[in-house]
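Novice: have a look at this prediction, sequence included:
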Amino acid sequence: MLAEWENFVAARLGELWLRTGEHLFLTGVATGIAVLLGIPLGILGFRVRWLRSPLTAALGVFQAIPSLAMLAILLSLLGKIGALPAIIALTLYALLPIVRNTLTGLVGVSSETIEAARGVGMTTSQRLRLVRIPLALPVIVAGIRTAAVISVGIATLSAFIGAGGLGQFINRGLGMNNTRLILLGAVPAAALALLVDFTIWAAEWGLRPVRQKQRGMLKARLRPVALAAPALLVAFGIVTSLTKPMPFSDQPGAVAEPIRIGSKEFTEQFILGELMAQLIEGRTDLPVERRFGLGGTMICHGALAKGEIDLYAEYTGTGYQAILHRSGLFDPNEILRVVRKEYRERFQAEWLGPFGFNNTYAITVRQADAETNKWRTISDLAGVAADLTAGFTSEFQERADGYPGLRKTYGFRFGETRDLSPSLMYEALARKQVDVICAFATDGRIAAYNLDPLSDDRHFFPPYHAAPVVRMKVLRAHPEIRTALAPLGGLLDDATMQRLNYEVDEKKRAPAEVAREFLAAHHLID
C-alpha cells in the first residue's frame with residue numbers, strides 16, 4: 001500500500017510542484033492586495049468613527065457570499081476564466097479579518113499610553129504612527145494570518161474556473177471519485193496553510209523591537225530571514241506561474257505556442273481531453289496546455305467563445321439544447337448539421353468529426369428495483385415518482401435538456417431531488433441513498449453497480465455524440481490540428497467508451513495512462 005502511494009505521488013511530483021506554486025501565487029497576491037487595502041481602510045475606520053460599522057458590515061457581506069457563488073459572479077462580471085476572478089474573490093474574503101483586526105488593535109491601545117504620548121508633545125499623526133500602530137501590530141498581524149489561511153482554503157475552489165492550484169487535484173478526484181487524488185490536493189493545501197501561517201508569524205517576530213540584553217548573533221541573523229519569508233513564498237509562486245506555457249496568440253506570425261485544451265469535470269471528459277492532447281503532441285510540433293476540470297458546460301463554452309481555451313470535447317445534444325436553445329430535432333446527423341452551422345456563425349468555432357459514441361442521459365434505477373416493480377421505461381415511474389428520491393447533477397437539475405424538460409415531457413416530478421457530483425451518483429444509487437439518477441450511457445459504473453437504464457419512451461433526450469470543438473482562428477493558424485485529430489473520428493463506440501471510463505472510475509487508473517494505452521493499441525502514437 002505504501003509503495004503504491006509512493007509511486008502515485010512520484011508520478012505526479014512535477015505537477016504537484018507546479019500546482020503548489022500556483023496556489024501560493026493566488027494566495028500571496030490576494031493576501032498582499034488585501035493587506036495594502038485593508039490596513040489603510042482599518043486606519044480610516046479608526047480615524048472616522050461613524051465609518052466603522054458601515055465598513056465592517058459591507059465587508060461582512062462579502063464574507064457571507066458562498067465561495068463558489070462569488071467565483072461564479074466574478075466569472076460572469078469579468079467574462080473570463082483564470083487567475084483574475086480568483087484573486088479578486090480571495091482579496092474580498094481576506095479584507096474583513098484584516099480591517100477588523102486593524103480597528104481592534106488601534107482602538108485597544110490604552111488611553112494612559114496615548115496620554116503619555118500626548119504629554120511629550122506628539123501630534124495626532126505621530127501618536128498613530130509611532131505609538132498606536134506599533135502596539136497594535138500583533139493584533140493586525142493576527143488578522144493577516146487569519147486572512148492568509150482562509151485564502152489558502154478558498155483557493156482550492158479556484159480550479160473550477162481554471163485558475164489552477166492544488167484544487168486541480170481535488171477537482172479531478174471528485175470528478176473521478178478518486179480519494180488519492182483528493183488527498184494529493186488536500187494534504188499539501190493543509191500543510192501550505194500551516195506554512196503560510198508560520199511565515200507570517202515569523203515576519204511579525206522579525207519586526208518586534210529587540211531589547212539590548214536579548215540581542216544575540218543567531219537571532220540577529222534570523223530576523224532578516226524571518227522578515228523575508230512571506231515574500232520568498234510569494235516569489236516562488238509568481239516565478240512558478242510565470243514559467244508556465246503562455247496562452248495561444250491570435251497575432252499573425254506568432255510562434256508555436258501551447259494549444260489550450262479544456263474539459264468539464266467528469267471522467268469521460270478527462271479521457272477525451274487526454275486523447276486529443278496526446279494526439280496533438282504526438283502528431284504535430286505543437287505543445288499543449290491542459291486546462292481540465294473546468295466547472296461545467298457554460299464555463300467551458302464561455303472560455304472557448306472568449307478565446308481562453310482553444311478546444312474541448314462537447315456533445316451535440318448539449319450544444320443543440322443547452323447552448324443554442326434549440327429543440328425539435330432528434331436525428332443525429334441533422335443535429336450535428338445545425339450545431340456546426342450555428343457554432344461557425346455565432347461563436348467562430350468548428351465541430352470536427354464525432355468520436356463515434358452517444359453519451360446520452362439515461363434515467364437509471366437499481367436492477368433489483370426494476371425487476372421487482374417491472375420498470376422498463378421512464379413512463380413506468382409516473383405512478384411512484386412522488387415517493388422516490390432522485391440524485392441528479394447540478395447541470396441536469398437546471399438545463400432544458402435535463403430535469404425541467406423531463407418533468408414537462410413525462411408529466412411527473414420526483415418527491416425529492418438531490419444535487420450530486422457525477423462521480424457520486426452511481427455509488428449513492430447502489431447504496432440506496434437515492435432511487436433514481438441521471439446516468440451517462442457510456443459510464444462503466446452502470447454495469448459495475450448492477451444498475452438498469454430505463455428506456456426513454458417519449459424520446460425526450462436528443463443524441464449526445466461527442467466531438468472536438470475548436471476555435472476557427474486556431475484551425476486557420478494550425479491546420480495540422482484537424483489532421484492530428486482526424487483518426488479519432490468514429491473510433492470510439494459506446495462499448496469502448498464505457499470500457500475506458502471503467503478503467504479510470506473503478507480501477508483508479510490515470511486518464512492519461514488509459515488514453516495513451518488506447519492510442520498506442522491503435523498505432524496512433526508510439
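Specialist: Yep, it's here. Numbering: from 1, shown residues only.

Novice: residue ranges with poor pLDDT in this protein?
Specialist: 1-2, 209-220, 243-256 (pLDDT under 70).

Novice: these two touch, right, residue 105 and residue 137?
Specialist: Yes: counting by CB atoms under 8 Å, residue 105 touches residue 137, with 7.3 Å between them. For every residue, glycine as well, the C-beta is placed using N, CA and C.

Novice: the more surrounded of those two?
Specialist: residue 105 (22 against 15; other CB atoms under 10 Å).

Novice: count of neighbours near residue 383?
Specialist: The number of residues near residue 383, taken as other CB under 10 Å, comes to 10.

Novice: excluding its backbone neighbours, what's nearest residue 163?
Specialist: For residue 163, ignoring the flanking residues on the chain, the nearest one in space by CB to CB, 6 or more residues apart in numbering is residue 86 at 3.8 Å.

Novice: can I assume that neighbour is in contact with residue 151?
Specialist: No: between residue 86 and residue 151 there is no contact under CB under 8 Å: 10.0 Å.

Novice: what's the overlap in contacts for the two?
Specialist: Applying CB atoms under 8 Å, 6 or more residues apart in numbering, one finds that residue 86 and residue 151 are jointly contacted by 26, 30.

Novice: pick out whichever of these two has more residues nearby.
Specialist: Comparing residue 86 with residue 151 by other CB under 10 Å, the one with more neighbours is residue 86, at 33 against 26.

Novice: is residue 417 in a helix, a strand, or coil?
Specialist: strand (DSSP: H, G, I helix; E, B strand; the rest coil).

Novice: can you pull out the helices in the stretch 1-150 of the chain?
Specialist: 2-10, 13-47, 52-64, 67-78, 83-107, 111-119, 124-127, 133-155 (DSSP state H, counting those that start in this stretch).

Novice: to residue 363, which of these lies closest?
Specialist: When these are compared by CB to CB, helix 67-78 sits nearest residue 363, at 27.0 Å.

Novice: who's in contact with the closest one?
Specialist: Helix 67-78 has contacts (CB under 8 Å, 6+ apart) with 62, 65, 81, 84-86, 88-89, 92-93, 154, 157-158, 160-161, 295, 299, 302.

Novice: just stretch 106-117 next, same as before
Specialist: With contacts defined as CB under 8 Å, 6+ apart, stretch 106-117 is touched by 42-43, 46, 126-128, 130-133, 135-136, 139.

Novice: separation between the residue positioned nearest the centre of the chain and residue 359?
Specialist: Nearest to the mean C-alpha position of the chain, by CA atoms, centre = their mean, lies residue 160 at 1.6 Å. According to CB to CB, to the nearest Å, residue 160 and residue 359 sit 22 Å apart.

Novice: show me the strands in the chain, by range?
Specialist: In the chain, the strands defined using DSSP state E lie at 259-262, 288-291, 311-315, 349-351, 361-366, 389-392, 416-419, 436-440, 451-453, 466-471.

Novice: just put those in TSV and tack on distance to residue 204 and mean neighbour count.
Specialist: Converted to TSV, the strands of the chain look like this (distance: least, CB to CB, whole Å; neighbours: other CB atoms under 10 Å):
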stretch	distance to residue 204	mean neighbour count
strand 259-262	41	26
strand 288-291	38	21
strand 311-315	45	26
strand 349-351	52	22
strand 361-366	55	23
strand 389-392	48	22
strand 416-419	42	15
strand 436-440	51	26
strand 451-453	56	20
strand 466-471	49	25
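
Novice: same list, the ones you listed, but as JSON lines with distance to residue 181 please.
Specialist: Rendered in JSON lines, the data for the strands of the chain read as follows (distance: least, CB to CB, whole Å):
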{"stretch": "strand 259-262", "distance to residue 181": "19"}
{"stretch": "strand 288-291", "distance to residue 181": "15"}
{"stretch": "strand 311-315", "distance to residue 181": "20"}
{"stretch": "strand 349-351", "distance to residue 181": "30"}
{"stretch": "strand 361-366", "distance to residue 181": "25"}
{"stretch": "strand 389-392", "distance to residue 181": "22"}
{"stretch": "strand 416-419", "distance to residue 181": "21"}
{"stretch": "strand 436-440", "distance to residue 181": "20"}
{"stretch": "strand 451-453", "distance to residue 181": "24"}
{"stretch": "strand 466-471", "distance to residue 181": "23"}
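
Novice: who wins for proximity to residue 200 among these?
Specialist: strand 288-291 (31.2 Å).

Novice: partner strands of the closest one, with direction?
Specialist: Paired neighbours of strand 288-291 in the sheet (DSSP bridges): strand 259-262 (parallel).

Novice: quick one: contacts for the closest residue to residue 303 other than its chain neighbours?
Specialist: Nearest residue to residue 303 in three dimensions, chain neighbours excluded: residue 309, at 4.6 Å (CB to CB, 6+ apart). Residue 309 makes contacts with 81, 162, 260-262, 291, 294, 300, 303, as judged by CB under 8 Å, 6+ apart.

Novice: mind putting these in TSV, distance to residue 390 included?
Specialist: Output for the contacts of residue 309, formatted as TSV (distance: CB to CB, whole Å):
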residue	distance to residue 390
81	31
162	30
260	36
261	33
262	29
291	32
294	26
300	25
303	30
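
Novice: and residue 162, what does it touch?
Specialist: 81-82, 262, 291, 294, 299, 303, 308-309 are the contacts of residue 162 under CB under 8 Å, 6+ apart.

Novice: what does residue 263 give?
Specialist: 269-270, 272-273, 290-294, 300, 312-313.

Novice: now those residues in JSON lines, with distance to residue 396?
Specialist: As requested, the contacts of residue 263 are arranged in JSON lines below (distance: CB to CB, whole Å):
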{"residue": "269", "distance to residue 396": "15"}
{"residue": "270", "distance to residue 396": "19"}
{"residue": "272", "distance to residue 396": "19"}
{"residue": "273", "distance to residue 396": "21"}
{"residue": "290", "distance to residue 396": "26"}
{"residue": "291", "distance to residue 396": "23"}
{"residue": "292", "distance to residue 396": "21"}
{"residue": "293", "distance to residue 396": "18"}
{"residue": "294", "distance to residue 396": "17"}
{"residue": "300", "distance to residue 396": "16"}
{"residue": "312", "distance to residue 396": "19"}
{"residue": "313", "distance to residue 396": "18"}
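
Novice: how much space separates residue 130 from residue 38?
Specialist: To residue 38, residue 130 is 21 Å away according to CB to CB.

Novice: more neighbours: which of these two?
Specialist: Per other CB under 10 Å, whichever of residue 130 and residue 38 has more neighbours is residue 38, with 26 against 13.

Novice: just checking, that one touches residue 95?
Specialist: Yes: look at residue 38 against residue 95 with CB under 8 Å: they come within range, at 5.0 Å.

Novice: quickly list what's touching both of these two.
Specialist: residue 147.

Novice: which other residues reach stretch 415-434?
Specialist: 174-177, 265-267, 364-366, 385-394, 397, 403, 435-440, 443, 445-446, 448-451, 505.

Novice: domains of this structure?
Specialist: Domain segmentation of the chain under automatic domain parsing yields 2-210+217-241, 259-358+464-521, 361-453.

Novice: give me whichever of those domains is most buried.
Specialist: domain 259-358+464-521 (a mean of 20; mean count of other CB atoms under 10 Å).

Novice: and it, how far out from the chain middle?
Specialist: The chain centre lies 19 Å from the centre of domain 259-358+464-521; the measure is CA atoms, centre = their mean, to the nearest Å.

Novice: swap in stretch 52-66?
Specialist: 25 Å.

Novice: contacts for that stretch next, please.
Specialist: 41, 44-46, 70, 73, 92-93, 95-96, 99-100, 103.

Novice: now the two most distant members of those.
Specialist: 46 and 73 (30.6 Å).

Novice: ok, back up a step: closest one of the contacts of residue 162 to residue 200?
Specialist: residue 82 (26.3 Å).

Novice: and residue 330, which of the helices of the stretch 1-150 of the chain is closest to it?
Specialist: helix 67-78 (32.3 Å).
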